[in-house]
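Engineer: okay, here's the prediction I keep looking at, along with the sequence it came from:
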Amino acid sequence: MRTASLLFVALCASLLVATSVGQPVASAVNKTQTLVWGGLFPTSGRIAGQIREAVSRVTVELLNNQTDILPNHRIQLISFDDGSNQNTALIRALDLIQSRNVSAILGPASSSSSQTVAPVCNAFSVPQISYSSSNPSLSDKTLYPWFFRTCPSDALQGAAWVSVLRHFKWEAVAVISTSDAYGSGASNVLLNLAPTFNISVLRSTQFSVNTPATGIVSNVRSLRDSGAKIIVIAAVFADARNVLRAAYDEGMLGPKTGYTWILSEAAAVETLFRAGDEWDAKLKAALPGAIGTRPVYGSGPLWDQFLSVWNTKNASEYTGARAPITDGYAPYVIDGLYAFAYAADALIRNGTTPRGTAFFNALKAVSFTGVTGTVRFDKNLDRPSDYEILNCAPDTYEGGTANTFWRTVGRWSGTTNDVTFTDESKLWWPNGAGAANLPVDGLARERYFIRWDSPYAIVVAIITALLLALMIFTIVVIVLKRDTPVMRHASVSFLITMVIGFMLLYVSQFFWFADPTLALCNLRVWFGFMGYVLAYGSLLGKTFRIYRIFSANKKLVRTVITDAQLVPYIIVITGVQLVILILWVSLNPFTPIENLNGAKTLYNRGCGTDAIVWPALSLAYCGVLALATVFLSFNTRKVPASFRETFWINNASFVILFIAAVAVAVGILIADNLLGSYVMATIGLLVGTTAAWGLLLGPKLYIAIIDTAKNVQAGTMSKMRSEMTTSTSE
């Protein structure tokens, strides 16, 4: 039956007057013999097809001007418009083979057309290389034994999609595709791979090619009803555009809608935005945040050589010339023609005519560096390849180019089956850039945070309230005993400021409860760091005064350093941290984030920032304050006993460092457990702060309240000189 059909079509082809879309290219090198090859391109009303056909002519010109490949043979490429129609493609292929006597065919573009043309090429022993037919079924060599392709199979694109889903921990997805060979082939790969990686496909739906947006509404609504928030489109850009228009009308496309779209390589193109109608502007505003895939683009010396010629051509004769090539498959046209050329060259050098089985076998052995990387064919005559990961972002984002929305942000490796991103923090999502805006997949999962009414929060709140009461009691004692020696020697105003710092640290604990908001996230930072800086800044200030009076004043001449003189130092110390916090909150504030736990059963709600510089600066500054305080306390270790706090300061610093290190280490180990990590943070904050209070203020309170016999004046300057001399001799 198939043979009869082919004979009928062949008869039609013999009666058809076909017009080639490209003229033979002249050669500047004197080549005496000609190789005739055929090309099939969808040039009717399709810019991409016209660009590919123009690229093929420039490539033939390059080959005809080379002397290292086919030095005595020129290439004549006879190209036809296949109309992106499988019947037309079949007729054109028969014409090329029977009437034009071509020895090879480049194309066609669509998988459906290649499935129709491939049996003809097999019947007439004509090798065929497609530059963009990606349907996985074409890898079946029992059906398509003479079919090669330089573009990657959609089996690889489907694997790339799965890797992207796994990378972002999206476990649920929906798929919409055209019902042709391309759309169904690409979507079927995802449908088959997803269960292997525990990814649920909540809905898969198809529609016919060229269906208008109004005819796709029911498909789109079924996607919405599935509950999926991550949706894959497997279709060419014209059909994908209609899907997106229907989705837009149904409130499923754009910021704040909750939906993220992944587009196949035939849809993730700039042409998507250039139909020239009112929908262009809406799509440019609504689609940013989408992810796309694209076969590896052109690069390298051969690509540069091609562009040097491309940029000299007249755009009226070569569509797209003198402009960046936006079609992702155009580079694969170049590699297809060079594959034919290298195979033919190898045969001719061995005295064999490049036709039929010999040409086929030579192609199987080809291996060279093309514009898209190494070109070689595996046992299925497929081309191993990587995929670029694209991100649709506003053209003004990160120094973008006007009216250019797709940008390369990562790469999927066909060798390792892993996806890597250049800078994941700069990915643009529907609600904006950064990890804080990472979309969710729609699966019903609990969003977990520490609630005010939870046992943990209640216990912590009670303990914190008691500790705050203890701090208030401490301030009261300091004020009441401010004229006694133990308080005066320790600087009353600095003691009170230190206690206020402790209180801020305690209060910061309350901001760890409830569902994180922008305000709560940044209050954690402000109260925590400012509390620490006030406490240690005050300790540093009063220790600095003791150092100036005693250690830097060897003769112990009476020296007066008032609180007012030290206030500017304290203002500078706290001011530095204040500036860091202002810049932090202004440029890269702590924002609410969600992270899927390891068991993938719930989302942990917390706070995070894309910039490590601000927390690093704050922590480093706190460390500098601690080291400076320890240094000064060590240098005042021999001052009179009533002024000496070296033991208490050093031990307080050691305890804080130890508790912080343990809390951070354990917190990292159990980071997947939000409650556990919060418990460690609470222990570190409450225990560390209370230990510092106990070591720095406990002895003073004990003397002031209980052991009052020790609450006496240090003595005269002569007595202090004697005490310091004794301490030094010891």
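Structural biologist: All right, it came through fine. Numbering: from 1, shown residues only.
Engineer: hey, let's count contacts and neighbours off CA atoms from now on
Structural biologist: OK.
Engineer: may I have the distance across stretch 132-149, first residue to last?
Structural biologist: According to Cα to Cα, to the nearest Å, stretch 132-149 extends 7 Å from its N-terminal end residue to its C-terminal end residue.
Engineer: buried set for that stretch?
Structural biologist: Of the residues in stretch 132-149, 132-139, 144-149 count as buried by neighbour count, 16 or more other Cα atoms under 10 Å.
Engineer: the host helix or strand of residue 629 - contacts with which helices or strands?
Structural biologist: Using DSSP states H and E, residue 629 sits within helix 613-635. If contacts are counted by 3 or more Cα pairs under 8 Å, 6 or more residues apart in numbering; DSSP states H and E, helix 613-635 sits against helix 518-546, helix 563-587, helix 646-669.
Engineer: what mean pLDDT would you report for the shortest one?
Structural biologist: Right, helix 646-669. The pLDDT scores in helix 646-669 average 65.
Engineer: Three-state assignment for the closest residue to residue 79 other than its chain neighbours, please.
Structural biologist: If you skip the residues right next to it in sequence, residue 79 has residue 39 as its closest partner in space, 4.2 Å away by Cα to Cα, 6 or more residues apart in numbering. The three-state label given to residue 39 by DSSP: H, G, I helix; E, B strand; the rest coil is strand.
Engineer: wait, residue 39 sits on residue 89?
Structural biologist: No: using Cα atoms under 8 Å as the test, residue 39 is too far from residue 89 to be in contact (10.3 Å).
Engineer: who's more crowded, these two?
Structural biologist: residue 39 (30 against 27; other Cα atoms under 10 Å).
Engineer: now do the contacts for that one.
Structural biologist: By Cα atoms under 8 Å, 6 or more residues apart in numbering, the contact list for residue 39 reads 77-80, 105-108.
Engineer: that one and residue 307, how far apart?
Structural biologist: Going from residue 39 to residue 307 by Cα to Cα gives 21 Å.
Engineer: same check on residue 124?
Structural biologist: Using Cα to Cα, residue 124 is found at 35 Å from residue 307.
Engineer: next: residue 634.
Structural biologist: Between residue 634 and residue 307 the distance, using Cα to Cα, works out to 70 Å.
Engineer: with residue 228 instead?
Structural biologist: Using Cα to Cα, which is the criterion applied here, residue 228 is 43 Å from residue 307.
Engineer: same question for residue 211.
Structural biologist: For residue 211, the distance to residue 307 (Cα to Cα) stands at 37 Å.
Engineer: with residue 662 instead?
Structural biologist: Counting by Cα to Cα - residue 662 and residue 307 are separated by 59 Å.
Engineer: of those two, who's got more company?
Structural biologist: Relative neighbour count places residue 307 above the other of residue 662 and residue 307, with 18 against 15, counting by other Cα under 10 Å.
Engineer: and the more buried one, that's in a helix?
Structural biologist: Yes: if the criterion is three-state DSSP, then residue 307 is within a helix.
Engineer: so where do the strands sit in the stretch 151-300 of the chain?
Structural biologist: Listed in chain order, the strands of the stretch 151-300 of the chain (DSSP state E, counting those that start in this stretch) span residues 172-178, 200-207, 230-234, 260-263, 291-295.
Engineer: what helices or strands is the second one leaning on?
Structural biologist: On a contact count with 3+ Cα pairs under 8 Å, 6+ apart, strand 200-207 meets strand 172-178, helix 217-226.
Engineer: and of these, who's closest to residue 613?
Structural biologist: Taking Cα to Cα, strand 172-178 is the member of the helices and strands packed on strand 200-207 nearest to residue 613, at 34.7 Å.
Engineer: low-scoring stretches of the stretch 451-600 of the chain, by residue?
Structural biologist: The stretch 451-600 of the chain contains residues with pLDDT under 70 at 542, 545-563, 596, 598-600.
Engineer: show me what contacts the residue sitting nearest the centre point of the chain?
Structural biologist: To find the centre residue of the chain, average its C-alpha atoms and take the closest one (Cα atoms, centre = their mean): that gives residue 424, at 2.5 Å. With contacts defined as Cα under 8 Å, 6+ apart, the neighbours of residue 424 are 409, 434-435.
Engineer: among those residues, which one sits closest to residue 568?
Structural biologist: The shortest separation between residue 568 and any of the contacts of residue 424 is 39.4 Å, and it belongs to residue 434 (by Cα to Cα).
Engineer: and the gap between the closest one and residue 467?
Structural biologist: As defined by Cα to Cα, residue 434 lies at a distance of 38 Å from residue 467.
Engineer: cool, residue 291 as well?
Structural biologist: 51 Å.
Engineer: likewise for residue 220?
Structural biologist: 57 Å.
Engineer: kindly report the same for residue 328.
Structural biologist: 65 Å.
Engineer: same question, residue 107
Structural biologist: When distances are taken as Cα to Cα, residue 107 and residue 467 turn out to be 78 Å apart.
Engineer: picking up where we left off before, between residue 291 and residue 467, which has more neighbouring residues?
Structural biologist: residue 291 (27 against 19).
Engineer: buried ones in stretch 268-285?
Structural biologist: Of the residues in stretch 268-285, 268-269, 271-273, 283-284 count as buried by neighbour count, 16+ other Cα under 10 Å.
Engineer: send the alpha carbons of that stretch over as PDB?
Structural biologist: Coordinates of the C-alpha atoms in stretch 268-285 are reproduced here as PDB (Å, rounded to 0.1, in the frame of the first residue of the first chain):
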ATOM      1  CA  ALA A 268      11.500  29.700  23.400                       C
ATOM      2  CA  VAL A 269      12.500  32.000  20.600                       C
ATOM      3  CA  GLU A 270      12.400  35.800  20.100                       C
ATOM      4  CA  THR A 271       9.900  35.300  17.200                       C
ATOM      5  CA  LEU A 272       7.400  34.500  19.800                       C
ATOM      6  CA  PHE A 273       7.100  38.200  20.600                       C
ATOM      7  CA  ARG A 274       7.100  39.500  17.000                       C
ATOM      8  CA  ALA A 275       3.800  38.700  15.400                       C
ATOM      9  CA  GLY A 276       3.200  42.400  14.900                       C
ATOM     10  CA  ASP A 277      -0.200  42.500  16.700                       C
ATOM     11  CA  GLU A 278      -1.500  43.900  20.000                       C
ATOM     12  CA  TRP A 279      -0.700  40.700  21.800                       C
ATOM     13  CA  ASP A 280       3.100  41.200  21.500                       C
ATOM     14  CA  ALA A 281       3.200  43.900  24.200                       C
ATOM     15  CA  LYS A 282       1.100  41.800  26.600                       C
ATOM     16  CA  LEU A 283       3.200  38.700  26.100                       C
ATOM     17  CA  LYS A 284       6.400  40.700  26.700                       C
ATOM     18  CA  ALA A 285       5.000  41.800  30.000                       C
END
